[in-house]
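**Q** 3D model of this:
(one chain, ligands or ions: 1)
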Amino acid sequence: MYSFLLSLHSVFRWLVVLSLFTAIIRSFTGFTSPRPFGRLDNAIRHWTATIAHIQLMIGILLYTQSPLVSYYFGTDEPDNPEAFFFSILHLVLMSTALVIITIGSAKAKRKKGAYAKFKTLFLWFVIALVLIFAAVPWPFSPLAQRPFLRSF
Ligand code: HEM
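**A** Below is the predicted model:
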């Protein structure tokens, strides 16, 4: 179960990054060279938030199974930086990014006019992407390193 969730979470990260990236590019072009906020724009807004929430659910399940997390909470003096990263930092930064995506998506939905919708999505999603980029354990990250992809 643990290794399945770890691989799923690892693969799903690419969907999160890709959908956010697509939403950001589309909203940027939407307010710099104005056009109507179409059905596709709305679908991208909706699916970007949904994909991020699915990753949050997988992350929460993984959190309950991870030996690193149980090590961190099971010892009085945890001295493993990776255990701290996944138990606290990754959790806090990713949950914050998820809240930001949710707020941005909901605000954009309620805005009147295409320009305001695109701009709102752009601003909130860029902040979320920066946080996510910082909190993913890329192989080049100074905080914790994991592979680009994990097979099942
Ligand atoms: C957009 C949100 C998130 C992204 C993009 C993301 C991405 C990742 C990546 C790429 C890994 C490394 C997987 C590997 O080892 O190959 C990872 C590990 C992990 N993530 Fe996330 N994550 C997100 C949210 C969360 C959340 C919200 C939680 C907790 C509630 C969480 C808990 C964990 C845990 C526990 C591990 C692995 C610990 C271990 O190695 O045992 N993640 N995450």
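
**Q** what number of residues lie near the nearest residue to Ala49 once chain neighbours are set aside?
**A** Spatially, and ignoring its direct neighbours in sequence, Ala49 is nearest to Ser105 (4.2 Å; CB to CB, 6 or more residues apart in numbering). Bear in mind the C-beta positions are built from the backbone N, C-alpha and C, glycine included. Applying other CB atoms under 10 Å, we find 21 residues neighbouring Ser105.

**Q** Which element is encountered next along the chain beyond the one helix or strand Ser105 maps to?
**A** Using DSSP states H and E, Ser105 sits within helix 90-110. Later in the chain than helix 90-110, the nearest helix or strand by DSSP H and E is helix 114-135.

**Q** Touching that next one from outside, list them.
**A** Residues from elsewhere that reach helix 114-135 (CB atoms under 8 Å, 6 or more residues apart in numbering): 16-17, 20-21, 23-24, 26-28, 30-31, 34-37, 41, 45, 48, 52, 89-90, 93-94, 96-98, 100-101, 103-105, 107-109, 111, 143.

**Q** For it, what does the pLDDT average out to?
**A** The pLDDT scores in helix 114-135 average 98.

**Q** elements contacting the helix or strand hosting Ala23?
**A** Element membership of Ala23 [criterion: DSSP H and E] is helix 2-32. Applying 3 or more CB pairs under 8 Å, 6 or more residues apart in numbering; DSSP states H and E, one finds that helix 2-32 makes contact with helix 39-65, helix 114-135.
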